[in-house]
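Peer 1: Got a predicted structure plus its sequence, pasted below:
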Amino acid sequence: MAPAIITEELTKFYGATPGIIELTLEVRAGEVFGFLGPNGAGKSTTIRTLLDLLHPTSGRATVLGYDTHRDAIEIHRRTGYLPGDLSMYDDMTAREMLIYFSSLRSVDTTKKVATLAERLELDLDRKIGSYSSGNRQKVGIIQAFMHEPELLILDEPSAGLDPLMQQEFYRMIDETHREGRTVFLSSHILPEVERTADRVAIVRHSRLVALETVADLKMKARRHFQFVFSDPIDPAEFARIAGVTSAVSSHEGRGVDIYVEGPVHEVLHKASEHRMENVISHEGDLEDAFLSFYEDDDAE
């Protein structure tokens, strides 16, 4: 199948300020794709450019095989979009606003809206202005999903949702994935991306710095080992091993806490040379991998 999204050196400047610089990536049809980066890294700029809400300074992009500028109307017809700052009509009820949005698309979404509202426990007949932030977010999610689009572009989609509703939202993502539709997900909640995404792109200072599967990124994340031995041990034995970034004494000199980047077999081999009483291993996660791309920023 043709890729759902292709960008080729996509660049957007706001005057002299960069939004995104020379972004080249491909989102495969039918995958859940995570797009990560801190505030100001270029995530929302990229999304708005893909939807022709902003025009690129240079480069080009296609969405579902269509040129993002020339074929914007067709892209909008086939896409569900939840912006990170969704504005709504506070004097309308959710039902009225969703009917209005459906009429703009010339699609009858009555049954789908009712199903989604029931799943998200949303009263459709209250005015939007009376909703909590979480309920406003539910309305945004419904309007993105209700026409069953080929592509969902979601910017911070679970913001404001309580944990139970977050789980229901993840089930909706899983169902979309199983149906072969594509999800482009930008989120600050890294466990959310780790839970739902196949691959992720990471942007830093407006540039792409990583594009890998979640599993491969986690393999590169730091692992944390806590060893306890029968006899005192010198942490320097482990500090000399390639990939060990920290080795600190614990348990009154009989233990050592170790952080490792990359392969861990040498650390385990060294530990096996001593009589162990206990070992605890903490697997690296997507958050560890993500933060490793920003260690220079922390130092600055």
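Peer 2: Cool, got the structure.

Peer 1: okay, and for the stretch 201-300 of the chain, where does confidence drop off?
Peer 2: Counting by pLDDT under 70, the stretch 201-300 of the chain contains low-confidence ranges at 218-221, 284-300.

Peer 1: Strands along that one, start to end?
Peer 2: 207-213, 223-229, 244-250, 255-260, 276-282 (DSSP state E, counting those that start in this stretch).

Peer 1: wouldn't A29 be in contact with V63 here?
Peer 2: No - using C-beta atoms under 8 Å, A29 is not in contact with V63, being 11.2 Å away. From N, CA and C alone the C-beta is placed, and that goes for glycine too.

Peer 1: hang on, the earlier thing: relative to E150, which of the strands of the stretch 201-300 of the chain is closest?
Peer 2: Among the strands of the stretch 201-300 of the chain, strand 207-213 comes nearest to E150, with 22.2 Å by C-beta to C-beta.

Peer 1: Show me what the helix or strand hosting I6 is in contact with.
Peer 2: Following DSSP states H and E, the helix or strand that holds I6 is strand 5-14. For strand 5-14, contacts defined as C-beta atoms under 8 Å, 6 or more residues apart in numbering pick out 18-27, 33, 42, 45-46, 49-50, 54, 56-64, 151, 182, 184.

Peer 1: State the distance from P235 to I173.
Peer 2: Per C-beta to C-beta, to the nearest Å, P235 is found 43 Å from I173.

Peer 1: Likewise for H147?
Peer 2: H147 is 16 Å from I173, by C-beta to C-beta.

Peer 1: can you check S87 too?
Peer 2: From S87 over to I173 (counting by C-beta to C-beta), the distance is 24 Å.

Peer 1: if you count what's nearby, which of the two comes out ahead?
Peer 2: I173 (21 against 7; other C-beta atoms under 10 Å).

Peer 1: Please identify the helix or strand for that one.
Peer 2: helix 163-178.

Peer 1: Run through the neighbouring helices and strands of that helix.
Peer 2: For helix 163-178, the packing partners by 3 or more C-beta pairs under 8 Å, 6 or more residues apart in numbering; DSSP states H and E come out as strand 32-36, helix 110-119, helix 133-145, strand 182-186, helix 190-196.

Peer 1: List the buried residues of the second one.
Peer 2: The reference is to helix 110-119. Across helix 110-119, burial judged by 16 or more other C-beta atoms under 10 Å covers 112-113, 116-117, 119.

Peer 1: Likewise for the last one?
Peer 2: Residues of helix 190-196 classed as buried: 190, 192-196 (neighbour count, 16+ other C-beta under 10 Å).

Peer 1: tell me which strands and helices it is in contact with?
Peer 2: If you count contacts as 3+ C-beta pairs under 8 Å, 6+ apart, helix 190-196 packs onto strand 32-36, helix 163-178, strand 182-186, helix 214-220, helix 286-292.

Peer 1: Tabulate those (JSON lines), appending distance to Q226.
Peer 2: Putting the helices and strands packed on helix 190-196 into JSON lines (distance: least, C-beta to C-beta, whole Å) gives the following:
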{"stretch": "strand 32-36", "distance to Q226": "29"}
{"stretch": "helix 163-178", "distance to Q226": "29"}
{"stretch": "strand 182-186", "distance to Q226": "34"}
{"stretch": "helix 214-220", "distance to Q226": "19"}
{"stretch": "helix 286-292", "distance to Q226": "16"}
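
Peer 1: okay, G80: pLDDT?
Peer 2: On pLDDT, G80 comes in at 97.

Peer 1: continuing past the strand or helix carrying it, what's the next helix or strand?
Peer 2: Using DSSP H and E, G80 maps to strand 79-82. Going down the chain from strand 79-82, the next helix or strand is helix 94-105, by DSSP H and E.

Peer 1: Any chance of a markdown table for the strands of the stretch 201-300 of the chain, columns distance to F169?
Peer 2: Formatted as a markdown table, these follow (distance: least, C-beta to C-beta, whole Å):
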| stretch | distance to F169 |
| --- | --- |
| strand 207-213 | 22 |
| strand 223-229 | 30 |
| strand 244-250 | 36 |
| strand 255-260 | 33 |
| strand 276-282 | 27 |
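
Peer 1: and stretch 235-243, C-alpha only, in PDB?
Peer 2: Extracted as PDB, the C-alpha positions of stretch 235-243 are listed here (Å, rounded to 0.1, in the frame of the first residue of the first chain):
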ATOM      1  CA  PRO A 235      31.900  -0.500  41.900                       C
ATOM      2  CA  ALA A 236      34.900   0.400  39.800                       C
ATOM      3  CA  GLU A 237      34.800  -3.200  38.500                       C
ATOM      4  CA  PHE A 238      31.600  -2.300  36.700                       C
ATOM      5  CA  ALA A 239      32.400   1.400  35.900                       C
ATOM      6  CA  ARG A 240      35.200   0.200  33.600                       C
ATOM      7  CA  ILE A 241      32.800  -1.800  31.400                       C
ATOM      8  CA  ALA A 242      31.800  -0.200  28.000                       C
ATOM      9  CA  GLY A 243      28.300   1.300  28.100                       C
END
